[in-house]
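Trainee: Let me see the structure of the following:
(one chain, ligands or ions: 1)
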Amino acid sequence: MLDRSGTPRERPVEPGRVRRFNAHDPGQGGPGPWLRVWPAEAPVSEGRWCEEMGKSVLHQGFTARQPHGNNWLAGESYRCPMTSKTSLPPLGLAPPADDAGRKRIAARLGINVPSQWWPTAPMLKGFEAAGFRWVQVHTPPRGVLCDRRDAARQHAAALRATLATCGLQLVLHGPDDLSAGTPEHDRALDGLLEYAAATRARYVVYHGANFPIADGGQQAAVTRDRARAEEAALQERLDRLESLGVTLAVENLAPVFPGPPRLCHSPAVVHGLVQRLGSPRVRMLLDIGHAHITGSASEALRSATDEISLFHLHDNFGCSRPANAAPALDPLRLDLHLAPGNGRVPWRQLAPRLADHPAPLVLEVHPPNRPEPLSVARVTTELLAGRATRVDGSRSAVADGGRPSRVPLG
Ligand SMILES: [Zn+2]
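Mentor: Numbers count the residues shown, from 1 in each chain. I've put the predicted structure just below:
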């Protein structure tokens, strides 16, 4: 059902037709066997449900064509495109929020500079003006860190000079394909730590345990040996990390597209690696969006909370997609990196524990899905403050009966 501008109208669902779905039940659109490598945990995936005139309605996420006001949870909405003829959404529906709590959350927020982008001074000033305290920047690729140290030093000096134009603190994101435990990768890791020292980074994001899971046989032995070699290489660098005062934040990952499982897709595996290393300078980075794809973000947060020193926040639809939801998005991509509130991460469920935790909260939002920084900061703050209200303008994601469609895996 479209209105004159081609935008689908909200279509409330009849009482009794709306149902929660179990993201881990294949019969209800759950993951295929490629994801079921760990015991299923906390199975119910939270949508955004509200009671409206006695009916339950599940709202879907933001798309470029969505009318403003997708702010049932937040009490704030992402701003309309400049071409929109509609006015700003009403803001008066939310209950009074705890200002002190919201300020504490806002003071922990950071935002990513997308991979392969260079952070210009105006960009950084824009982040700062939007209220962010942290910025995440990617390092040069592994080959540069490994074998072209002079070039890496020049790059680090330039980054430091750019950062000097603002007060943002730095989170460095290391190369995605860096896995310590071979001579070449270890040289790159040493180059990464040198780069971190030169840029005065507080955290270095590292993809640990990034090895394929094999079902026995030769590959299983290769994976096991490779993981042990990585752990030993990290152990050897604990003193260096402590003398630099930089924290290696080991991140749980998720498949970007459907594909074979890897050790790092399990937050529990990453948590175990961090616990065994046992250093205050090697901590866990819990990526909430990734954890929502591979299992239960709430369970991952609860079980690893004491070892977490950094969060990545972004949204997605988990391992299945609602029927007709977000047609502007890639229909196969799982790891969408949407702005918080625009997918099905259960922010309301996560909010109390996230709000109470001291670790920085770095937003990782993919450029095509990224509202301007001020909106992202405001909406995220409201989500984590647990401010919940219904706001007109959302659309139903369950217009066709509420059954999520399975992402085709074959
Ligand atoms: Zn991440």
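Trainee: Could you check how many residues crowd around Glu236?
Mentor: The tally of other residues near Glu236 (other C-beta atoms under 10 Å) stands at 12. The C-beta positions use only the backbone N, C-alpha and C, and glycine is treated the same way.
Trainee: how much space is there between it and the ion?
Mentor: Look at Glu236 and the ion: by C-beta to the ion, to the nearest Å, they are 26 Å apart.
Trainee: what about stretch 263-283, average pLDDT?
Mentor: The pLDDT scores in stretch 263-283 average 96.
Trainee: is it up against the ion anywhere?
Mentor: No. Stretch 263-283 lies apart from the ion when judged by C-beta under 5 Å from the ion; the minimum separation is 11.0 Å.
Trainee: Export that stretch to PDB, keeping only CA atoms.
Mentor: Output of stretch 263-283 as PDB, limited to C-alpha atoms (Å, rounded to 0.1, in the frame of the first residue of the first chain):
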ATOM      1  CA  LEU A 263      35.700 -19.000  15.900                       C
ATOM      2  CA  CYS A 264      35.500 -15.200  16.300                       C
ATOM      3  CA  HIS A 265      31.700 -15.400  15.600                       C
ATOM      4  CA  SER A 266      31.300 -16.700  19.100                       C
ATOM      5  CA  PRO A 267      31.500 -14.000  21.800                       C
ATOM      6  CA  ALA A 268      32.200 -16.800  24.200                       C
ATOM      7  CA  VAL A 269      35.400 -17.800  22.300                       C
ATOM      8  CA  VAL A 270      36.700 -14.300  22.200                       C
ATOM      9  CA  HIS A 271      35.800 -13.900  25.900                       C
ATOM     10  CA  GLY A 272      37.700 -17.100  26.700                       C
ATOM     11  CA  LEU A 273      40.800 -15.800  24.800                       C
ATOM     12  CA  VAL A 274      40.700 -12.600  26.800                       C
ATOM     13  CA  GLN A 275      40.300 -14.400  30.100                       C
ATOM     14  CA  ARG A 276      43.200 -16.700  29.400                       C
ATOM     15  CA  LEU A 277      45.500 -13.800  28.500                       C
ATOM     16  CA  GLY A 278      44.600 -12.300  31.800                       C
ATOM     17  CA  SER A 279      45.900  -8.800  31.300                       C
ATOM     18  CA  PRO A 280      44.300  -5.500  32.000                       C
ATOM     19  CA  ARG A 281      45.700  -4.400  28.600                       C
ATOM     20  CA  VAL A 282      43.900  -7.100  26.700                       C
ATOM     21  CA  ARG A 283      40.100  -6.800  27.000                       C
END
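Trainee: Can you point out the buried residues in that stretch?
Mentor: Using 16 or more other C-beta atoms under 10 Å as the test for burial, stretch 263-283 gives 263-274, 277, 279, 281-283.
Trainee: what does this protein have sitting close to the ion?
Mentor: Those residues of the chain that sit near the ion, judged by C-beta under 5 Å from the ion, are Asp287, His312, Glu364.
Trainee: in which helix or strand would I find the second one?
Mentor: Taking DSSP states H and E as the definition, His312 sits inside strand 308-313.
Trainee: hmm, who's touching that strand?
Mentor: Strand 308-313 is contacted from outside by 171, 203, 205, 247, 249, 251, 283-290, 301, 340, 354, 357, 359-364, 380, using C-beta atoms under 8 Å, 6 or more residues apart in numbering.
Trainee: again, 7 Å this time
Mentor: If you take C-beta atoms under 7 Å, 6 or more residues apart in numbering as the criterion, strand 308-313 is touched by 171, 203, 247, 249, 251, 283-289, 340, 354, 357, 359-364, 380.
Trainee: Considering the residues of the chain next to the ion, which possesses the most neighbours?
Mentor: Ranking the residues of the chain next to the ion using other C-beta under 10 Å puts Asp287 first, with 28 neighbours.
Trainee: Sheet partners, orientation included, of the strand holding His312?
Mentor: Sheet partners assigned to strand 308-313 using DSSP bridges are listed as strand 282-287 (parallel), strand 361-363 (parallel).
Trainee: Distance to Leu109 added to those, as JSON lines?
Mentor: Below are the strands paired with strand 308-313 laid out as JSON lines (distance: least, C-beta to C-beta, whole Å):
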{"stretch": "strand 282-287", "distance to Leu109": "15"}
{"stretch": "strand 361-363", "distance to Leu109": "5"}
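Trainee: and the longest helix along the chain with strand 282-287, angle?
Mentor: Assignment by DSSP state H gives helix 217-236 as the longest helix of the chain. Angle between the axes of helix 217-236 and strand 282-287 is 120 degrees (criterion: axes from the mean of the first three to the mean of the last three C-alpha atoms, to 10 degrees).
Trainee: Quick one: list the elements packing against helix 217-236.
Mentor: Counting contacts by 3 or more C-beta pairs under 7 Å, 6 or more residues apart in numbering; DSSP states H and E, helix 217-236 is packed against helix 267-277.
Trainee: Spatially, and excluding backbone neighbours, which residue is closest to Ala151.
Mentor: Leaving aside its sequence neighbours, Ala151 sits nearest to Val144 (C-beta to C-beta, 6 or more residues apart in numbering; 5.6 Å).
Trainee: shouldn't that neighbour be in contact with Ala152?
Mentor: Yes. Counting by C-beta atoms under 7 Å, Val144 does reach Ala152; the two are 5.3 Å apart.
Trainee: Among those two, which residue is more densely surrounded?
Mentor: Each of Val144 and Ala152 has its neighbours counted (other C-beta under 10 Å); Ala152 has more, 22 against 18.
Trainee: picking up where we left off before, check which residues of the longest helix of the chain are buried.
Mentor: Neighbour counts using 16+ other C-beta under 10 Å place Thr223, Arg226, Ala227, Ala229, Glu230, Glu231, Ala233, Leu234 of helix 217-236 among the buried residues.
Trainee: This completes my enquiry, with thanks.
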